[in-house]
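> A predicted structure for the sequence below; I have some questions about it.
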Amino acid sequence: MDTLIVTIGDLTFNARLEEKLAPKTSAVMRDLLPYTGKLVHVRWSGEGVWIPLGDTKFGVDYENHTSHPAPGHMILYPGGISETELLLAYGGVDFSSKMGQLAGNHFLTLTSNLDALPEVGRRCLWEGAQDIRIEAA
């Protein structure tokens, strides 16, 4: 069950869980499916959208972590220096917070409709929070 469907507003993307590279984080996401939330535009990191999760603890440490996710990569920051969050890169991202540089676990990769990613960023920036749903394919 590593194939997922990610729906953001009326845009749909196929995705895969990075189960070999981030097995614990992928297992957390599998347990949350179907996951729904709201995406908002990032504040410090560049061309990304995020789901703030406050003090939520998922019990995972760093695995397959990066500060520079590529467009279509979703990362989980497990908390610590800043609040827990999910971040989806739609362009260039230098993942950070007001506390400085962060790294998150790359656990999900969008595999289709990547040309629509800039529209996700535009909508979050200019139209406000966007609904997101992640579910098994």
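Thanks, I have the structure now. Numbers count the residues shown, from 1 in each chain.
> Phi, psi for the nearest residue to K98 once chain neighbours are set aside please.
Counting by Cβ to Cβ, 6 or more residues apart in numbering, K98 lies nearest to W44, which is 6.7 Å off, once chain neighbours are set aside. (Each C-beta comes from the backbone N, C-alpha and C, glycine too.) For W44, the backbone dihedrals are phi -120, psi -20 (criterion: degrees, to the nearest 10).
> Surely W44 is in contact with V93?
No: using Cβ atoms under 8 Å, W44 is not in contact with V93, being 10.0 Å away.
> Neighbour count for the two, which is higher?
V93 (24 against 15; other Cβ atoms under 10 Å).
> Do you know the pLDDT at the more buried one?
Among the per-residue scores, V93 holds a pLDDT of 97.
> Tell me the bridge partners for it.
Counting by DSSP bridges, V93 is bridged to G46.
> What residues does it make contact with?
V42, S45, G46, E47, G48, H68, P69, L87 (Cβ atoms under 8 Å, 6 or more residues apart in numbering).
> Now tabulate the residues you listed in a markdown table and tack on neighbour count, distance to P118 and pLDDT.
Converted to a markdown table, these look like this (neighbours: other Cβ atoms under 10 Å; distance: Cβ to Cβ, whole Å; pLDDT from 0 to 100):
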| residue | neighbour count | distance to P118 | pLDDT |
| --- | --- | --- | --- |
| V42 | 23 | 14 | 95 |
| S45 | 23 | 16 | 95 |
| G46 | 15 | 13 | 95 |
| E47 | 18 | 8 | 98 |
| G48 | 27 | 12 | 98 |
| H68 | 15 | 18 | 98 |
| P69 | 24 | 15 | 98 |
| L87 | 23 | 16 | 98 |
